[in-house]
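Trainee: Kindly generate the corresponding structure for this input.
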Amino acid sequence: MEGILAQIEKGEGQKTEFKASFQKEVLESIVAFANAKGGKIFIGISDSAKIITGEPQRIERYDYPLEAIREIVTNMIVHRDYRDSGDSIVKIFDDHITFFNPGKLYDGLTVEKLQSGNYSSRSRNKALAKMFKEVGSIEKYGSGIARIKQECHNHGIAEPEIEEFQHGFRVTLYKQKQDGGVNGGVNSICEMITNTPNLKAKQIAEASNIPLRTVERELKKLKDQGKICFKGAAKTGGYYAK
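Mentor: Presented below is the predicted three-dimensional model:
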């Protein structure tokens, strides 16, 4: 504790930042440190180095589970491909957050295996993984994805989207609620296509008032389930129920 207080007394510097609370700026600082040579962020410390204490007047419920965000950011630092000159990127939108990290899955690991949990964990950066394990930031090797999904489920939001994207790996957290939001949205999309064949994703998004990215994600699920298919050319075709 004395060591931490001594660092706080020194104030902010090139590798030290104070944040009064966990806001989106914290994520930006974490990614910036990850892209540079590392650093320390103290949460609950004002810019004037005052420790913020006291009981809150109300319980704050965040749109996204903080533990899931912490797990994602930890995995970004541990698993990114540091040979890639690209940046780790966090983008915050009105209804979702995307976390992109350079470096695709390797050693035969696939998104399907990650989703199923049937895989053996391998670390691209063994020294980093060992360090995070020793300080308690990693509970068990290979359990990160399952923990992120569980945190989203416990928080009552949609399951995160996990995918390989361009030259790296991307995780998307959605603000959309589980009950009525996701299932209701999927059912309404399927019903809409059944009643009105040859619809495009954009038309479905506008008619159902569901974000286009969410519609595209659910359309892919429905196609994988064999419930719908796309007929015709990309520009003139549309979706049909099977």
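Trainee: pLDDT on stretch 150-164, on average?
Mentor: Averaged across stretch 150-164, pLDDT comes to 87.
Trainee: Figure out the length between the terminal residues of that stretch.
Mentor: Distance between the two ends of stretch 150-164: 21 Å, counting by C-alpha to C-alpha, to the nearest Å.
Trainee: List the contacts of it.
Mentor: With contacts defined as C-beta atoms under 8 Å, 6 or more residues apart in numbering, stretch 150-164 is touched by 63-65, 67-68, 71, 104-105, 111, 114-115, 145, 148-149, 169-179, 181-182, 217. Quick note: C-beta positions are derived from backbone N, CA and C, even for glycine.
Trainee: What are the buried residues along it?
Mentor: For stretch 150-164, the neighbour count (16 or more other C-beta atoms under 10 Å) marks Glu151, Cys152, His155, Ile157, Ala158, Pro160, Glu161, Ile162 as buried.
Trainee: now swap in stretch 204-218 and tell me
Mentor: Ile204, Ala205, Ser208, Ile210, Pro211, Arg213, Thr214, Val215, Arg217, Glu218.
Trainee: how about the strands of the protein, start to end?
Mentor: All strands of the chain, identified by DSSP state E, fall at 16-19, 40-43, 89-92, 96-102, 161-165, 168-174, 228-231, 238-241.
Trainee: nearest to Tyr119, of those strands?
Mentor: Tyr119 lies closest to strand 161-165 among the strands of the chain, at 12.7 Å (C-beta to C-beta).
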